[in-house]
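Engineer: what's the 3D shape of this:
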Amino acid sequence: MLETWRKPINIKYKRIDRLGNIFFCDILRKCARTWANMPYDFIKITNETPFLTYFILTHVRIMIIYPQEQRACLCSLLRKYEWKGVSIDMIEKRMTLVNSVIFAVLMISLILFVYRFNIPNPNMILIAALVIATSVGGIIPGILCAILMLGYSLFFFSNGHDFVHFTSINAQKMTVVLLGALINLVSVSFLKKSRDKMGDQFKKTNEELLKTNHELQRTNDELHRVNELLKVLVSKDPLTNLRNRHALSEDMETFVGKPVQVLFLDLDDFKTMNDTKGHAYGDEVLHKVGQSMAKSFPSAHCYRYGGDEFLVVGDRQQDDLFLHACENVKKELVSSQISFSGGYVAGIASNKKDVQNMILQADEMLYQAKNMGKDRFVGKEFDRKHIVNNDLLAMNRRTLANAH
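Structural biologist: All right, here's what the predicted structure looks like:
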């Protein structure tokens, strides 16, 4: 049955103006409790679809569970489909009338039931029905059902069912029934209004929470985007577009446990070039070197180590292939009259400390290349036992730079 209701239904007959059709649609609304999982939009709406039919059939769950939302739904649908001659007040009045007829019929049926089976205390059953009618249908259906219940009570408790004469005990019972009906109407109506008011407040609060959640989600996405951008900015050198020393410290763990080659490069006479041709020219040279290194070592990690020093860490290759890549960098920079020296080591690092030592040994090889006349590459196998004295290495390089 549920699958049948899930199939779209085309409704193309004219506006509902007759009470019988309204009554039928309202019956559908009341019976729709069985299909609690029925999708909202199971009707293909057209301009010829009666407004009330569409409203009732496509919003059964809202009308049953959240009656305080009915008016908002009506306003939305009226604006959307612009049914001519239809107003919210007219629809609400008709629905109140239909609810009154439905609950009156149900109350009469229940009265006939208790009369037919001669229930000894029918008011307990009728008051329960009155509570349901008032809580679901509203105050007007509740009043109508209360009148019917009082009428049957007069019939039931009167002498000879003449509706007029009562014994003292039955008169007291009628008084209790009358007070019970009045208290029920007042209390249940008040509770229904309070429930609807609380429902409106809950809906408003829920909408505000959803809006806040949406804004927080949007802010979180923006922060995530900015965070990713900051990561890129922090890990990249803006002049050469290569990775920087901060990125190197984060990448060291990835070099552990596999054969790698570490190449340390330094531009020859860069300080003199900077002093004679200006810093703008020097920046242009550094930018060209960065582009050339990224092009010649596409699968390796290229870093601007600092100043005119560059570092390349990549998977180990045969020496001739590695030196060929180094020569490609030199060829790329021939037109700019740029030369550089390099030192490299190859081996397997057991831990991050070994990686740092490999970088220092490559720097040591660079110092030897500089000392041998520059514009050349010098390399060796990584020696784990050889610990480079970083302070001594820095002093030797400063001495070499001053000598030239």
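
Engineer: so how far is the helix or strand harbouring Asn206 off the chain centroid?
Structural biologist: Element membership for Asn206 (DSSP states H and E) is helix 168-235. Centroid separation for helix 168-235 versus its chain: 22 Å, with CA atoms, centre = their mean, to the nearest Å.

Engineer: repeat for stretch 109-127
Structural biologist: Using CA atoms, centre = their mean, the offset of stretch 109-127 from its chain centre is 55 Å.

Engineer: if we can go back for a sec, so what does the helix holding Asn206 touch, helix or strand wise?
Structural biologist: helix 122-137, helix 139-157, helix 245-251 (3 or more CB pairs under 8 Å, 6 or more residues apart in numbering; DSSP states H and E). From N, CA and C alone the C-beta is placed, and that goes for glycine too.

Engineer: how much does the longest one deviate in direction from helix 168-235?
Structural biologist: Interaxial angle, helix 139-157 versus helix 168-235 (axes from the mean of the first three to the mean of the last three CA atoms, to 10 degrees): 150 degrees.

Engineer: before we move on, what about the first one?
Structural biologist: Here the directions of helix 122-137 and helix 168-235 differ by 30 degrees (the same axes, to 10 degrees).

Engineer: ok, and what's touching helix 122-137?
Structural biologist: 99-100, 102-103, 106-107, 110-111, 114-115, 119, 141-142, 144-146, 149, 152-153, 156, 173, 177, 180-181, 184-185, 188-189, 191-192 (CB atoms under 8 Å, 6 or more residues apart in numbering).

Engineer: in PyMOL, select just the buried ones from those.
Structural biologist: To isolate the buried ones among the contacts of helix 122-137 in PyMOL, judged by 16 or more other CB atoms under 10 Å, type:
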select buried, resi 99+100+102+103+106+107+110+111+114+141+142+144+145+146+149+152+153+156+173+177+180+181+184+185+188+189+192
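
Engineer: just to revisit the earlier point, and the helices and strands packed on helix 168-235 as JSON lines, adding distance to Val334 and mean pLDDT?
Structural biologist: Shown next, in JSON lines, are those (distance: least, CB to CB, whole Å; pLDDT from 0 to 100):
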{"stretch": "helix 122-137", "distance to Val334": "91", "mean pLDDT": "85"}
{"stretch": "helix 139-157", "distance to Val334": "96", "mean pLDDT": "91"}
{"stretch": "helix 245-251", "distance to Val334": "28", "mean pLDDT": "88"}
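
Engineer: for the ones you listed, give me TSV that also has distance to His214.
Structural biologist: Formatted as TSV, the helices and strands packed on helix 168-235 follow (distance: least, CB to CB, whole Å):
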stretch	distance to His214
helix 122-137	34
helix 139-157	38
helix 245-251	34
